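In: coords please:
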Amino acid sequence: MKDFFTDKTVLITGGTGSLGRAIIRNISKYDTRIVVYSRDEGKQALYFGGSKIHRVIGDIRDLEKLKTTIALYKPNYVIHTAALKRVDDMEFYPEECVKTNIQGTENVAIASLLGNVEKCILVSTDKACNPVNVYGSSKLIAERIFTNYDFKSSGTIFASVRYGNVIASRGSFIPLWKSLIEKGEKIKVTSPECSRFLFTLNDAVDTVLSSLCSAEGGEVFIPKINSFNMETIIQAMKSVTNSQKIDYEIIGMRPGEKIHEDMLGLTELPYTKKVNEKLLVVLPQYTNKKHTYKKDYKGQIMNSSLHLSNDHNFLSDLIKRGVGEA
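Out: Residues are numbered from 1 along each chain as shown. So this is what the prediction gives:
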């Protein structure tokens, strides 16, 4: 990976978010020039400085600004993390979700193609697989946009990577629960039946960067990670907070939520290969590229109800590690 990033320029959209900042911390140890493209001027000024990090205040809805930025800095790679992500909010503001997650993603693709970027990767979500909400649907379309732009491209490689719920990222319920439990307050649980794919911020970064390195064109990369139900998560939180008992209130499902999440769907199985023991790849159904993945995936779909771990000791260690990385 060092050779992949040495003497390269990387532009990260949404670089002021949890994942963006973690990616920057990771690749800044190499001799890499980093361009942070974000509309959040407060976080830009708060988090970033130094000669290797260039701050650009801009919105992915602005195609001309993206084109100008890429023409100016000439990035080798673009990591597209910028998005509207709150599931419940996007149910009530679908038009805003379309402007950012769909039109904004196409803007990133257009600017990358015109700017002769070597590789451009979209950070997607498990909610894009068999979507039932506006957010997931927008991310599925975003994946398809990248696959289609790869099909049109004779130079730039476009690919996507999905991941699950990142422990201790902005908006994660884990830090909120931890804070409330430590204060002796009641936590809110949507449904005891819910299950979620969980991994740490560093694991998410490794997944994104490995996918960027491996991308050959039009793929969707999928990490093989465990899922946990609410009962196991609550048991793990007892260990994390040294609590004998946790009081919780069941509040019911919020708009757009699924009981279980999907990372890899049934219709994707015929196109799925193994990159390594930790990473799968779904090949595009139409492509001009000759992919070199040799290992067939013989497993089942990845629904969070089918990959459950009830090892709350493992999860408590995972949570502690994840919270420590934040």
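In: Can you give me the buried ones in stretch 119-136?
Out: 119-131, 133-136 (16 or more other CB atoms under 10 Å). Any C-beta I mention is one placed from the backbone N, CA and C, and that applies to glycine too.
In: just how off-centre is that stretch within its chain?
Out: Remark: stretch 119-136 is offset 8 Å from the chain centroid, using CA atoms, centre = their mean, to the nearest Å.
In: What of stretch 206-226?
Out: That offset, for stretch 206-226, works out to 10 Å (CA atoms, centre = their mean).
In: Start and end of it, how far apart?
Out: This stretch, stretch 206-226, spans 16 Å end to end (CA to CA, to the nearest Å).
In: quick one: average pLDDT of it?
Out: Mean per-residue pLDDT for stretch 206-226: 97.
In: returning to that earlier point: which of the buried residues of stretch 119-136 fall in strands?
Out: 119-123 (DSSP state E).
In: What residue, apart from its backbone neighbours, is nearest residue 194 spatially?
Out: Residue nearest to residue 194 in three dimensions, not counting chain neighbours: residue 230, with 5.3 Å by CB to CB, 6 or more residues apart in numbering.
In: which residues does that neighbour contact?
Out: Residue 230 makes contact with 189, 191-195, according to CB atoms under 8 Å, 6 or more residues apart in numbering.
In: Pipe these into JSON lines and attach neighbour count and distance to residue 269 per row.
Out: JSON lines is the format used below for those (neighbours: other CB atoms under 10 Å; distance: CB to CB, whole Å):
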{"residue": "189", "neighbour count": "19", "distance to residue 269": "32"}
{"residue": "191", "neighbour count": "15", "distance to residue 269": "28"}
{"residue": "192", "neighbour count": "11", "distance to residue 269": "30"}
{"residue": "193", "neighbour count": "12", "distance to residue 269": "25"}
{"residue": "194", "neighbour count": "20", "distance to residue 269": "25"}
{"residue": "195", "neighbour count": "24", "distance to residue 269": "20"}
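In: Farthest pair within those residues?
Out: Greatest spatial distance among the contacts of residue 230 (CB to CB): 189 and 195, at 12.5 Å.
In: Restrict the helix or strand residue 196 falls within to CA atoms and write it as PDB.
Out: Per DSSP states H and E: residue 196 is located in strand 195-199. C-alpha atoms of strand 195-199 as PDB (Å, rounded to 0.1, in the frame of the first residue of the first chain):
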ATOM      1  CA  SER A 195     -29.400  -6.800  13.700                       C
ATOM      2  CA  ARG A 196     -26.500  -4.700  12.300                       C
ATOM      3  CA  PHE A 197     -23.100  -5.300  10.700                       C
ATOM      4  CA  LEU A 198     -20.600  -3.600  13.000                       C
ATOM      5  CA  PHE A 199     -16.900  -2.800  12.600                       C
END
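In: Show me what that strand is packed against.
Out: strand 165-166, strand 227-229, helix 230-241, helix 312-325 (3 or more CB pairs under 8 Å, 6 or more residues apart in numbering; DSSP states H and E).
In: on that earlier part again, what's the closest of the ones in strands among the buried residues of stretch 119-136 to residue 72?
Out: Of these, the one sitting nearest to residue 72 (CB to CB) turns out to be residue 120, at 16.8 Å.
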